[in-house]
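Colleague: What would the 3D arrangement of this be:
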Amino acid sequence: MKAVSAFFGLLALAGLAIAAGPPPPPPPAGPPAPGLQYLYRVNITAGQVFPIGAGPLGQRLVVTIAGGTFAGPKLKGMRGGPELSTFPRPAVPAPV
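Modeller: The predicted structure follows:
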């Protein structure tokens with residue numbers, strides 16, 4: 001009786017494995033590469049430069065934008081006002 005019960009138990013497990021079908025394919029190695037699309041071209045006229053000083057990532061400056069435009073297939077406009085910039089420190093210190 002035990003042998004018959006074990007046989008039907010194995011038969012049921014085999015039926016479940018067959019009903020599940022083949023395993024799904026593995027997921028891709030990473031996300032797909034993003035597509036690049038032209039957005040706009042910028043033309044600016046820089047004004048005064050105001051140095052703020054050294055920061056943890058390099059020299060910090062505020063550069064005023066005296067005027068400018070940007071234009072592209074879906075976007076266009078005019079620009080003016082201040083711009084905060086950080087210029088990274090050189091990897092090798094300059095000789096003094």
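
Colleague: Backbone dihedrals for residue 58, please?
Modeller: In this entry, residue 58 is assigned phi and psi values of phi 140, psi -170 (degrees, to the nearest 10).

Colleague: Surely it is in contact with residue 51?
Modeller: No - between residue 58 and residue 51 there is no contact under C-beta atoms under 8 Å: 11.8 Å. (Each C-beta comes from the backbone N, C-alpha and C, glycine too.)

Colleague: More neighbours: which of these two?
Modeller: In terms of neighbours (other C-beta atoms under 10 Å), residue 58 is the more surrounded of residue 58 and residue 51; the figures are 13 against 9.

Colleague: measure the residue nearest to the more buried one when sequence neighbours are not counted to residue 46 for me?
Modeller: In space, residue 58 comes closest to residue 88 once its chain neighbours are excluded; the distance is 4.1 Å by C-beta to C-beta, 6 or more residues apart in numbering. Per C-beta to C-beta, to the nearest Å, residue 88 is found 19 Å from residue 46.

Colleague: Next: residue 60.
Modeller: Distance of residue 60 to residue 46, computed by C-beta to C-beta: 16 Å.

Colleague: For those two, indicate the residue with more neighbours.
Modeller: Between residue 60 and residue 46, counted using other C-beta under 10 Å, residue 60 has the larger neighbour count: 16 against 12.

Colleague: so who does that one touch?
Modeller: Contacts here follow C-beta atoms under 8 Å, 6 or more residues apart in numbering; on that basis residue 60 touches 51, 52, 53, 54, 84, 85, 86, 87.

Colleague: host element of it?
Modeller: strand 58-71 (DSSP states H and E).

Colleague: Just checking: what are the partner strands of the next helix or strand after that strand?
Modeller: The C-terminal neighbour of strand 58-71 among helices and strands, as given by DSSP H and E, is strand 76-78. Neighbouring strands of strand 76-78 in its sheet, by DSSP bridges, are strand 58-71 (antiparallel).
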